[in-house]
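*Asks:* I'd like to go over a predicted model; first the sequence, then the structure.
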Amino acid sequence: QVQLVESGGGLVQAGGSLRLSCAASGRTFSSYAMGWFRQAPGKEREFVAAISWSGGSTYYADSVKGRFTISRDNAKNTVYLQMNSLKPEDTAVYYCAADGTSIATMWYEYDYWGQGTQVTVSS
């Protein structure tokens, strides 16, 4: 069982930066691939970024590639999403998720989810 708690969301102007954190409970955090997803009002949940259990592999959605960076610190049971050059279209609730099998980009492949943190980018 893994419990996830996101933090770091907020209101930022276009072009600004935010860093999201996702703190995980449980001693098996380092065995899970981790992902970030987002959901804007009226839209489906979409993949943002994912990282393997070791941090050696990362995937990004085309819409965030070059602007967002996912990383993890297994000693701190935490995964991060550094978001730079934010755009109004990045506005959404951001969720972190844990996958007990392998790095994945589809939401239904993830086993555990956090409650989400709101990111709002003003123009």
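*Replies:* Here it is on my side, so go on. Just so it is clear, the structure is predicted and the values come from calculations on it, not from any experiment.

*Asks:* So, low pLDDT: which residues of this structure?
*Replies:* By pLDDT under 70, the weakly predicted segments of the chain are 27.

*Asks:* Compute the number of surrounding residues for residue 62.
*Replies:* Neighbours of residue 62 under the rule other Cβ atoms under 10 Å: 6. C-beta: built from backbone N, CA, C; applies to glycine.

*Asks:* For it, pull up the helix or strand it's in.
*Replies:* Assessed by DSSP states H and E, residue 62 sits outside every helix and strand.

*Asks:* Likewise for the one 10 residues further on?
*Replies:* When elements are defined using DSSP H and E, residue 72 is found to belong to strand 68-73.

*Asks:* Check residue 103 too.
*Replies:* When the helices and strands are read off by DSSP H and E, none of them contains residue 103.

*Asks:* contacting residues for it?
*Replies:* By Cβ atoms under 8 Å, 6 or more residues apart in numbering, the contact list for residue 103 reads 33, 35, 50-52, 57, 59.

*Asks:* repeat that for 10 Å
*Replies:* For residue 103, the contacting residues are 32-35, 50-54, 56-59, 109, by Cβ atoms under 10 Å, 6 or more residues apart in numbering.

*Asks:* now residue 91: how far from residue 2?
*Replies:* Per Cβ to Cβ, to the nearest Å, residue 91 is found 27 Å from residue 2.

*Asks:* Over to residue 63?
*Replies:* 27 Å.

*Asks:* neighbour count winner among these two?
*Replies:* residue 2 (20 against 14).

*Asks:* Who's the closest spatial neighbour of residue 121, skipping the chain neighbours?
*Replies:* For residue 121, ignoring the flanking residues on the chain, the nearest one in space by Cβ to Cβ, 6 or more residues apart in numbering is residue 86 at 4.6 Å.

*Asks:* I meant residue 90, not that one.
*Replies:* Here the residue nearest residue 90, using Cβ to Cβ, 6+ apart, is residue 121, at 5.1 Å.

*Asks:* Surely that neighbour touches residue 94?
*Replies:* No - using Cβ atoms under 10 Å, residue 121 is not in contact with residue 94, being 11.6 Å away.

*Asks:* Could I get the contacting residues of the residue nearest to residue 90?
*Replies:* 10-16, 18, 83, 86-92.
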